[in-house]
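Colleague: give me the fold of what follows.
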Amino acid sequence: MNKQVDTIIVGGGSAGCVLANRLSSDPNHRVLVLEAGRPDYKWDIFIHMPAALTIPIGSRFYDWRYHSEPEPFMHNRRVYHGRGKVLGGSSSINGMIFQRGNPLDFERWGNDPGMASWDYAHCLPYFKRMENCLAGGDDFRGDNGPLVLERGPATNPLFTAFFAAVQQAGYPLTSDVNGYKQEGFARFDRNIQNGRRLSAARAYLHPVIGRENLEVMTRAFVSRILFDGQRAIGVEVQRGRSKPEKLLAGQVILCGGAINSPQLLQLSGVGNAAELEKLGVNVVHDLPGVGENLQDHLEVYVQYACTQPVSVYPAMQWYNKPWVGLQWLLFHQGPAATNHFEAGGFIRSNDDVAYPNLMFHFLPVAVRYDGTSPGGGHGYQVHVGPMYSDARGSVKIKSADPRQHPALRFNYLSTDQDRREWVEAIRCARDILNQPAFDGFNGGELSPGTAVQTDQEILDWVGHDGETAYHPSCTCKMGVDPLAVVDPNSMAVHGLEGLRVVDASVMPYVTNGNIYAPTIMLAEKAADLIMGNTSLPAATIPFYRHG
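Modeller: Predicted structure coming up:
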């Protein structure tokens, strides 16, 4: 038993990098970060080149490569789920889109019992603290934080047509979807700086990696948490083929995300006691909410052929890739310096919805995440899906073997609300993409295609074609109800000492949009709670509410 430190952080992903930075700012506090994946090497273009994002997703070198259990409402498909297995976690392989969520998301959080300090007024100051918006700061946006945010240029003529089309369809533009008014369409913020991906590791960890009280171990697989009674005292970790090693700490903070954190808790005897006993796991603490309440965003591509040669399709062809790559290597410019998710927006799918429940990403190319193109030529598309599905799933270990992936059950399309909003989402997308603004470009719908028209045909197509938007969350939720796992005022696991969880798993409800930004925010706020700092003053300023 060795390596006595003050804090062990399990997971060097988005939240783990934030906590490593903030907790190690006290030179007397010794922090050890354990990341199961590889380092984010400076030379690794697959991480740092924005347009190369399709390569690490699905690669065993960067990705945990999870699959769901057969989804009963999606033709029993096993839906692929990529999660980052590299320093920086999923922020090193994601689409680099920065979306805070709607202010009313955090009002919803704050309205739950015991969650008053997580309303929008209390979260906004932490969003501002983490941001360095190149577009400038104001009452809603920060301009002095570690996370540099670049606004997508969206200069391609297809973006111009898209912005005109949404207005023709009756939807507004907004100046900033992360500011006063989320509802509407705008250019998107993204985590790109000077043509390179700005992951959480680059923004938070690398600038302080030289601190004497901070150590980072990569390729360090944590198999269980060590307990002395009801107190966590360390972890068991394996590096390569060496024998498992026991590392001691004053506290352990899990930052593995919505899949790894509940998995590690269950492997360590924290979870539903009856289920763990059946698997031969020694129960430390009966906490039935561990792994429950799983939420995610499902999305599809609605794709159209383009009659004019203005899309970015040529840049993706093998004969142009050497020049595209050279532009990026020499100058960090050109088609490889963007994530191409440069614009989109948020709308309400019907007048009964209080605030936006659909998110759109527009791309000036028709292509899937795996790089395949249905039309084999110029095109454009939107990614669209409902943001507030009331479907709930679970993360459950299948055995006491830490190397075996847990069972992921999302239950996509399992509720009346979910199915209704999916039909509305596809009809809204088609309405926008068939407005007169696209007349000069519209070469016909490629996917789902004109044969898909009725509600049931749409749902069947979504069942066959839908993909995760990579936003699993809420499996160790904050709160005080019987299924709550984490104390919202300390991030401590209920009923245990010396053990905390800080990552997307502690969200009680998934937010509207990509979840990287709210994960960073909650880690910033959690750092103050853990260190005993005075929380930032609440920012009680009005924000947009429809009507």
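Colleague: which residues does His332 contact?
Modeller: Asn194, Gly195, Arg196 (C-beta atoms under 8 Å, 6 or more residues apart in numbering). (Each C-beta comes from the backbone N, C-alpha and C, glycine too.)
Colleague: Throw those residues into a markdown table and include neighbour count, thanks.
Modeller: Listed next are the contacts of His332 as a markdown table, based on neighbours: other C-beta atoms under 10 Å:
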| residue | neighbour count |
| --- | --- |
| Asn194 | 11 |
| Gly195 | 19 |
| Arg196 | 17 |
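Colleague: format those as CSV; extra columns: distance to Pro542 and pLDDT.
Modeller: Below are those laid out as CSV (distance: C-beta to C-beta, whole Å; pLDDT from 0 to 100):
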residue, distance to Pro542, pLDDT
Asn194, 35, 95
Gly195, 37, 96
Arg196, 37, 97
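Colleague: what helices or strands is the longest helix along the chain leaning on?
Modeller: When the chain is scanned for its longest helix (criterion: DSSP state H), the result is helix 416-433. Applying 3 or more C-beta pairs under 8 Å, 6 or more residues apart in numbering; DSSP states H and E, one finds that helix 416-433 makes contact with helix 157-168, strand 298-306, strand 358-363, strand 379-386, strand 442-447, helix 455-465.
Colleague: so which of the ones you listed is nearest Asp105?
Modeller: strand 358-363 (12.2 Å; C-beta to C-beta).
Colleague: that closest one pairs with which strands?
Modeller: Strand partners for strand 358-363, identified by DSSP bridges, are recorded as strand 343-347 (antiparallel), strand 379-386 (antiparallel).
Colleague: nearest to Arg219, of those strands?
Modeller: Evaluated with C-beta to C-beta, these place strand 379-386 nearest to Arg219, the distance being 33.3 Å.
Colleague: now do the buried residues in that closest one.
Modeller: Gly379, Tyr380, Gln381, Val382, His383, Val384, Gly385, Pro386 (16 or more other C-beta atoms under 10 Å).
Colleague: nearest to Cys123 among those residues?
Modeller: Pro386 (22.8 Å).
Colleague: tell me the spacing between the nearest residue to the closest one once chain neighbours are set aside and Asn434.
Modeller: Distance criterion C-beta to C-beta, 6 or more residues apart in numbering; nearest residue to Pro386, sequence neighbours excluded, is Glu421 at 4.0 Å. Applying C-beta to C-beta, to the nearest Å, the value for Glu421 to Asn434 is 20 Å.
Colleague: who's in contact with stretch 253-261?
Modeller: Contacts for stretch 253-261 (C-beta under 8 Å, 6+ apart): 7-16, 19, 64, 66, 81, 83, 89-90, 263-265, 294, 395, 406, 408, 472-476, 491, 499-505, 523, 530.
Colleague: again, only this time at 6 Å
Modeller: Identification of contacts with stretch 253-261 by C-beta atoms under 6 Å, 6 or more residues apart in numbering yields 9-11, 15-16, 395, 472-473, 475-476, 500-505.
Colleague: now do stretch 60-70
Modeller: So stretch 60-70 is in contact with 56-57, 76, 78-83, 85-86, 93, 405, 407-410, going by C-beta under 6 Å, 6+ apart.
Colleague: taking these one by one, which sit in strands?
Modeller: Of the contacts of stretch 60-70, the ones assigned to strands by DSSP state E are Tyr80, His81, Ala407, Leu408, Arg409.
Colleague: list the contacts for the last one?
Modeller: The reference is to Arg409. Glu69, Gly393, Ser394.
Colleague: 10 Å - rerun?
Modeller: By C-beta atoms under 10 Å, 6 or more residues apart in numbering, Arg409 lies in contact with Ser68, Glu69, Pro70, Glu71, Pro72, Gly291, Leu294, Arg392, Gly393, Ser394, Val395, Lys396.
Colleague: report pLDDT for the first one.
Modeller: Going back to what we said before, that points to Ser68. You'll see Ser68 listed with a pLDDT of 98.
Colleague: rewinding a little: buried subset of the contacts of stretch 253-261?
Modeller: 9-11, 15-16, 395, 472-473, 475-476, 500-505.
Colleague: what sits closest to Glu467 if chain neighbours are left out?
Modeller: Glu299 (6.1 Å).
Colleague: ok, that neighbour - how many residues close by?
Modeller: Glu299 has 22 neighbours, counted by other C-beta atoms under 10 Å.
Colleague: that one contacts Thr468, correct?
Modeller: Yes - between Glu299 and Thr468 there is a contact under C-beta atoms under 10 Å: 7.6 Å.
Colleague: ok, back up a step: can you list the contacts of His332 in a markdown table and add secondary structure?
Modeller: As requested, the contacts of His332 are exported to a markdown table (DSSP: H, G, I helix; E, B strand; the rest coil):
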| residue | secondary structure |
| --- | --- |
| Asn194 | coil |
| Gly195 | coil |
| Arg196 | strand |
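Colleague: on that earlier part again, Val252: which of the buried ones among the contacts of stretch 253-261 is nearest?
Modeller: Using C-beta to C-beta, these come closest to Val252 at Val10, 6.6 Å.
Colleague: pLDDT score assigned to the closest one?
Modeller: Predicted confidence (pLDDT) for Val10: 98.
Colleague: contacting residues for it?
Modeller: Val10 neighbours (C-beta under 10 Å, 6+ apart): 16, 32-36, 220, 222, 225, 235, 237, 252-256, 260-261, 264, 501, 503.
Colleague: just Leu124 next, same as before
Modeller: Counted by C-beta under 10 Å, 6+ apart, Leu124 has contacts 100, 103, 106, 139-142, 521, 536, 538-541, 543.
Colleague: with Asn512 instead?
Modeller: When contacts are counted by C-beta under 10 Å, 6+ apart, Asn512 touches 99-105, 177, 182, 297, 346, 355-359, 386-388, 518.
Colleague: buried residues of stretch 329-342, list them for me.
Modeller: Those buried within stretch 329-342 under the rule 16+ other C-beta under 10 Å are His332, Gly334, Pro335, Ala336, Ala337, Thr338, Asn339, His340, Phe341, Glu342.
Colleague: that's a helix at the fourth one, yeah?
Modeller: The reference is to Ala336. Yes - assessed by three-state DSSP, Ala336 belongs to a helix.
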